[in-house]
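A.B. asks: Need a 3D model of the sequence below.
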Amino acid sequence: MSRRDKMIEKIKDLMYKPESIRNIGIVAHIDHGKTTLSDNLLAGAGMISEELAGDQRFLDFDEQEQARGITIDAANVSMVHHYDGKEYLINLIDTPGHVDFGGDVTRAMRAVDGAVVVVCAVEGIMPQTETVLRQALKEHVKPVLFINKVDRLINELKLEPDELQNRFLKIIAEANKLVKNVAPEEFRDAWKFDVADGSVAFGSAYHNWAINVPIMQKTKINFKDIIDYCNDDKQKELAHKVPITEVLLGMVVEHLPSPKESQAYRVPHIWDGDIESPAGKTMTTTDPNGPLAVMVTNVTVDKHAGEVATGRVYGGTISKGTEVFLVGGHAKARVQQVGVYFGPERVNTDNVPAGNIVYVAGARGAIAGETICDPEHKIVEFEGLEHISEPVVTVAVEAKNTKDLPKLIEVLRQVAKEDPTIHVEINEETGEHLVSGMGELHLEVISYRINEKGVDIQTSEPIVVYRETVSAKAGPVEGKSPNKHNRFYITVEPLDDELFKAMQKGKIKEGKVKGKESAAEFQEYGMEKDEAKKVWDVYNKSVFINATRGIQYLDEVKELLIEGFESALDDGPVANEIAMGLKFKLVDAKLHEDAVHRGPAQVLPSIRKAVYGSIMLAKPTLLEPMQKVFINTPSEYMGACTREIQNRRGQIVDMTQDRDMVSIESKVPVAEMFGFAGDIRSAAEGRCLWSTEMAGFERLPGELQSKIIREIRQRKGLSAEPYGADHYLG
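C.D. replies: Coordinates of the predicted model:
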């Protein structure tokens, strides 16, 4: 039996021992060494050659990943490791570090229980490190810390032992500050990184060695010895004495929870159902024999197998050939294959029980965030996945050959299913296909993938996505139904800052408001008690409040009013862009007593017109997307870099100096960021490191408002100026 077959047999056996499973994600800022670290773990499990570990980037198996030298997709691999005389099944997900692919990190965090946070010793904690650590903590995923590239501090920066120690202490203190601020309250102390207990390791993934306090005590190797090994160019020898695999596995096994341990506290957080129900008990105890509960975290379309869903089995066992129910899609499907990932290949098994990461072929129609269960034991859906960033850059996509048009539409739908962070708009009337993504790189990769699926396309120059809002109060305005028998009176005003920020951070969930518990949440962020109790709907970071009393038949049209409110916010009256940050109140209504005269054809147009008319009376304005831009550069290039920011309508937020290096934090409109990569390299003669992070939306300067509105409207084939309120309310 080959080594591979032996491992597959062991995986099939260990799947049923949840206490011996560790589901882990490797997360970090771009280029801090995640994929290199994953290589080492694969080599330790005998899946790739030890000689190639660090160079092979085995989990970057996509052509684009190899060409660009970055991870684009989260990659899954299951492997068996021996630690302390026992065998463990490690289900590992290597995640991207580039901000444009942050959605993959969010989805991966739902599938795992623990995270190895990798930090470059030279650069320290960077913006994306903070973001991925926040994503992990928000999902109740326990982290451990690996400080990578320590060899560079010794060989390139020539740091002394005390300087090394100070650098490490600073990184650990910053990471712990984040844990203290973001970790679930009950774990704030327990999840702190502590050098003494071995939850922090130091090393070089590229040179295959690592060390932490337990290993130091065992091997008697200390930091002074490590400095000597690095200075004497004996890192290979060091890697034999303190192999990175042993150290990291020790951390993973000792400090990260098994599914048996983690599901008890994670399930109540990510699932809204009754924990005391059979399904709830099955999930909190990781029971393979109870009702099935699978959360889909990713979907890919395979040439041979069709749609392949990746997910986490939280309860029961998913088996080949069985019928399952997709809760979100309200549809049944038959499972054709199930199994685990072996990096680029999939290994079939007949069953995958609770506590494991699974791939499922045959769950047609599943999307990321879907819940799969037994048709006879239907369960409540898992909580939706909330992505931190939103798509802010758009390109128009056209097929080069007209005959490819039907195929292009099919491929665009596939691409949107595979990557839920992109937004695809197919306008059948104008024939325009718009794809919105996180940034230029994201859209480049998506365009490449469309070509790869057999459709030759050309794309327009990138277009920035704006948002609409208001800066004053207006109303009550009257929205009349086409038959004049129904009238709705609404007011609009900007949403309070505190509440708006809470929505941006995902602290208040979007959707129709159920029950009274939501009222307390609204009050916590500054809404008055009377209003908080009457919120009907939260949509596009806006709220719809029913401030009426005793209106007959209102309950019967409630769903239609909410539908009309939501559809109106999807394309606002100023420039057909999404409207956000608004507070609407329904203050009165007059409804026809006969249900026939207050159907969808009457209610939907009247509420939409009222929404549009009120916005046009409340000083409508555009919001533009902003990015935080972080630059690390030698001090002599500081002036050139800050000029580059200021020339792009950017503001310098903070500037710090460490020796001869300057760190600049700034905020720049996304519209001004095109071509930035080349310009900043020229400004600093290639001697700077820079990264970006989404910073939400801010008001577009007054002098640019009418120019941008006109440009957007012309591009969309609309009249040059928006219609006034009279158009909607007349």
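A.B. asks: same for the top helix by length along the chain, what does it pack against?
C.D. replies: Looking across the chain with DSSP state H, the single longest helix is helix 161-182. Here helix 161-182 touches strand 114-120, helix 127-138, strand 142-148, helix 150-155, helix 223-231, going by 3 or more Cβ pairs under 8 Å, 6 or more residues apart in numbering; DSSP states H and E. For the C-beta atoms, the positions are set from N, CA and C on the backbone; glycine is no exception.
A.B. asks: ok and that helix relative to strand 142-148, angle-wise?
C.D. replies: Angle between the axes of helix 161-182 and strand 142-148 is 150 degrees (criterion: axes from the mean of the first three to the mean of the last three Cα atoms, to 10 degrees).
A.B. asks: give the contact list for residue 677.
C.D. replies: With contacts defined as Cβ atoms under 8 Å, 6 or more residues apart in numbering, residue 677 has no neighbours.
A.B. asks: make that residue 285, sorry
C.D. replies: Shown in contact with residue 285 (Cβ under 8 Å, 6+ apart): 260, 263-264.
A.B. asks: change it to 10 Å
C.D. replies: By Cβ atoms under 10 Å, 6 or more residues apart in numbering, residue 285 lies in contact with 18, 260, 263-264, 267, 315, 354.
A.B. asks: can you tell me which of those residues are in strands?
C.D. replies: residue 315 (DSSP state E).
A.B. asks: for the record, mean pLDDT for the longest helix of the chain?
C.D. replies: In this model, helix 161-182 carries a mean pLDDT of 89.
A.B. asks: could you give the angle of the very next helix or strand once past it to helix 161-182?
C.D. replies: For helix 161-182, the following helix or strand on the C-terminal side (DSSP states H and E) is strand 200-204. Computed by the same axes, to 10 degrees, the angle separating strand 200-204 from helix 161-182 equals 130 degrees.
A.B. asks: Just the CA trace of strand 200-204, in PDB.
C.D. replies: Provided in PDB are the C-alpha atoms of strand 200-204 (Å, rounded to 0.1, in the frame of the first residue of the first chain):
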ATOM      1  CA  VAL A 200       3.500  31.900  20.600                       C
ATOM      2  CA  ALA A 201       6.300  30.400  18.300                       C
ATOM      3  CA  PHE A 202       9.100  32.100  16.500                       C
ATOM      4  CA  GLY A 203      10.900  30.800  13.400                       C
ATOM      5  CA  SER A 204      11.500  30.800   9.600                       C
END
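A.B. asks: Next secondary structure element downstream of it?
C.D. replies: Counting by DSSP H and E, the next helix or strand C-terminal to strand 200-204 is strand 209-211.
A.B. asks: helices or strands up against whichever helix or strand comes after that next one?
C.D. replies: From strand 209-211 onward toward the C-terminus, using DSSP H and E, the following helix or strand is helix 213-219. If contacts are counted by 3 or more Cβ pairs under 10 Å, 6 or more residues apart in numbering; DSSP states H and E, helix 213-219 sits against strand 200-204, helix 223-231, helix 244-255.
A.B. asks: Could you list the buried residues of helix 213-219?
C.D. replies: Buried residues in helix 213-219, counted by 16 or more other Cβ atoms under 10 Å: 213-216.
A.B. asks: residues making contact with it?
C.D. replies: 194-203, 211, 221-223, 225-226, 241-243, 246-247, 250-251, 254.
A.B. asks: for the record, mean pLDDT for it?
C.D. replies: 89.
A.B. asks: In TSV: the buried residues of helix 213-219, plus distance to residue 540.
C.D. replies: Below are the buried residues of helix 213-219 laid out as TSV (distance: Cβ to Cβ, whole Å):
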residue	distance to residue 540
213	49
214	50
215	51
216	53
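A.B. asks: before we move on, back to that, the helices and strands packed on helix 213-219: which one's closest to residue 12?
C.D. replies: Nearest to residue 12 among these is helix 244-255; the distance by Cβ to Cβ comes to 20.4 Å.
A.B. asks: Tell me what angle the closest one forms with strand 114-120.
C.D. replies: Using the same axes, to 10 degrees: helix 244-255 against strand 114-120 is 130 degrees.
A.B. asks: which residues touch residue 535?
C.D. replies: 508, 512-513, 518-519, 521-522, 527, 543-546, 583.
A.B. asks: related to what we said a few turns ago, relative to residue 451, which of the helices and strands packed on helix 161-182 is closest?
C.D. replies: Nearest of the helices and strands packed on helix 161-182 (Cβ to Cβ): helix 127-138, 28.0 Å.
A.B. asks: Now do the longest helix of the chain against helix 127-138, angle only.
C.D. replies: Using the same axes, to 10 degrees: helix 161-182 against helix 127-138 is 50 degrees.
A.B. asks: How far off centre is helix 161-182?
C.D. replies: 25 Å (Cα atoms, centre = their mean, to the nearest Å).
A.B. asks: same thing with stretch 324-337?
C.D. replies: 25 Å.
A.B. asks: Can you show me the CA trace of it as PDB?
C.D. replies: Output of stretch 324-337 as PDB, limited to C-alpha atoms (Å, rounded to 0.1, in the frame of the first residue of the first chain):
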ATOM      1  CA  VAL A 324     -30.500  16.200   1.300                       C
ATOM      2  CA  PHE A 325     -32.500  19.400   1.700                       C
ATOM      3  CA  LEU A 326     -31.000  22.900   1.000                       C
ATOM      4  CA  VAL A 327     -32.700  25.200   3.600                       C
ATOM      5  CA  GLY A 328     -32.000  28.500   1.900                       C
ATOM      6  CA  GLY A 329     -32.800  27.300  -1.600                       C
ATOM      7  CA  HIS A 330     -35.900  25.300  -0.400                       C
ATOM      8  CA  ALA A 331     -34.900  22.400  -2.600                       C
ATOM      9  CA  LYS A 332     -33.900  18.800  -2.400                       C
ATOM     10  CA  ALA A 333     -30.700  17.400  -4.000                       C
ATOM     11  CA  ARG A 334     -29.000  14.100  -4.200                       C
ATOM     12  CA  VAL A 335     -25.400  13.800  -3.000                       C
ATOM     13  CA  GLN A 336     -23.300  12.100  -5.700                       C
ATOM     14  CA  GLN A 337     -20.000  12.100  -3.900                       C
END
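A.B. asks: before we move on, back to that, nearest to residue 600, out of the helices and strands packed on helix 161-182?
C.D. replies: Per Cβ to Cβ, nearest to residue 600 of the helices and strands packed on helix 161-182: helix 127-138, 38.2 Å.
A.B. asks: so what does that closest one touch, helix or strand wise?
C.D. replies: Short answer (3+ Cβ pairs under 10 Å, 6+ apart): helix 127-138 packs on strand 21-28, helix 102-111, strand 114-120, strand 142-148, helix 161-182, strand 620-634, strand 689-699.
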